[in-house]
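A.B. asks: What would the 3D arrangement of this be:
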Amino acid sequence: MKSRLILITVLALGSLAHAQGFVSKLSLGVGLQGIFPGSTFKNNEVTFASSTQSATNSVGAIGDLRIDFGHHSALDLAVTVDRDSERFFTSGSFGTGGFLTRVQTNNAEIIGSYIFRLPSNEHVKPYFLLGGGAVRFSPNRAFTTAGVPQTDMKPAFAYGFGTDFPFGDHLALRLQYRGLVRSEPDFKLAAEPFGTGLKTHVAEPSIQIVYHF
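C.D. replies: Residues are numbered from 1 along each chain as shown. Sure thing, here's the model as predicted:
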């Protein structure tokens, strides 16, 4: 279902761009993206209990639609889908005991970015990106006694840089690094270990094949 929505969105935007005469400025990239979330920690200064949230590393599929305007600017819409496991650990009071909760999720990132192109030549086209969007977490398996995890969506801030390496008349290889800063999902559960409000940084390198219309 998600893949159909992504395809319909890409085709609709492509049709709109063509109708308005922007087709020569339109490019579509597809590829693989690594997703490497950092761990986050929170300490309770009263009981000395600590909470840790982390996620397993994963590889997702990325689709990227980009429209150039002016000499140095472009707008970009990227969608990434992947599967990982969100892990929550809470220690007991004064650091004793503790328990681990694990929720396997299907994730979808939708990120819009402004692209600023740096000085380039016909072989190397570097750029910076800055933007934001949202990450949707859809649980499909959970090991927790705190309740039933629900689908959760969190806002995300994005930054990064990349380079296109053109080859042929319409094709290019894109190498990109994107960083996301987002809140950890709580799956709409307030009980421990959820609802800590922790934020994390996610490193997302990707490789794509790009077609310029």
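A.B. asks: Tell me the buried residues in the strand or helix carrying Val103?
C.D. replies: Element membership of Val103 [criterion: DSSP states H and E] is strand 99-117. The neighbour-count criterion (16 or more other C-beta atoms under 10 Å) identifies Thr101, Val103, Gln104, Thr105, Asn107, Ala108, Glu109, Ile110, Ile111, Ser113, Ile115, Arg117 as the buried residues of strand 99-117. In this view, the C-beta of every residue, glycine as well, is placed from N, C-alpha and C.
A.B. asks: So Phe194 lies in a helix, does it not?
C.D. replies: No. Using DSSP: H, G, I helix; E, B strand; the rest coil, the assignment for Phe194 is coil, not a helix.
A.B. asks: Report the separation between it and Lys188.
C.D. replies: As judged by C-beta to C-beta, to the nearest Å, Phe194 and Lys188 stand 8 Å apart.
A.B. asks: Compare these two (neighbour count), which wins?
C.D. replies: A direct count of neighbours by other C-beta atoms under 10 Å for Phe194 and Lys188 places Phe194 higher, at 25 against 13.
A.B. asks: now the protein, which segments are flagged as low pLDDT?
C.D. replies: For the chain, applying pLDDT under 70 flags the ranges 1-24, 41-51, 90-99, 142-146, 190-193, 195-196.
A.B. asks: Go again with 50.
C.D. replies: Applying pLDDT under 50 to the chain flags the ranges 17, 45-48, 93-95.
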